[in-house]
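Visitor: model the following, please.
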Amino acid sequence: MGGKGRDRIVYQRKDGSWVNQRLDAERPSSVHDTQAAAQTRAKQMLGRSGGGELITKGRNGKIRSKDTIPPGHDPNPPRDTEH
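Guide: Numbering: from 1, shown residues only. Modelled structure (predicted):
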């Protein structure tokens, strides 16, 4: 499967919890109390599945950050210009 099937999004639900979900999935992969916890889990899952794009939305629902997560143990990872 291509990278798009692995891409993930982190966003806040109406109940205040933060969701880590694949873009092509109907249900969340995990639900967390904080945005940071959801991002950490999403990064772990992306790294283990061969890398991909992580999109993070803020409380207002707008995209706050896009980050490319390299595959786990990549000896030459791409440079991240955002962080």
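
Visitor: where in the protein is pLDDT low?
Guide: For the chain, the stretches flagged by pLDDT under 70 are 1-4, 72-78, 80-83.

Visitor: this structure: helices as residue ranges?
Guide: 35-48 (DSSP state H).

Visitor: show me where the chain has strands.
Guide: Counting by DSSP state E, the chain has strands at residues 8-12, 18-22, 30-32, 52-57, 63-69.

Visitor: export these to TSV and tack on distance to Arg79?
Guide: (Each C-beta comes from the backbone N, C-alpha and C, glycine too.) Shown next, in TSV, are the strands of the chain (distance: least, Cβ to Cβ, whole Å):
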stretch	distance to Arg79
strand 8-12	21
strand 18-22	25
strand 30-32	28
strand 52-57	16
strand 63-69	10
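
Visitor: TSV for the ones you listed, including mean neighbour count and distance to Ala38?
Guide: Supplementary listing: the strands of the chain in TSV, determined by neighbours: other Cβ atoms under 10 Å; distance: least, Cβ to Cβ, whole Å:
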stretch	mean neighbour count	distance to Ala38
strand 8-12	21	5
strand 18-22	21	4
strand 30-32	16	4
strand 52-57	18	8
strand 63-69	15	12
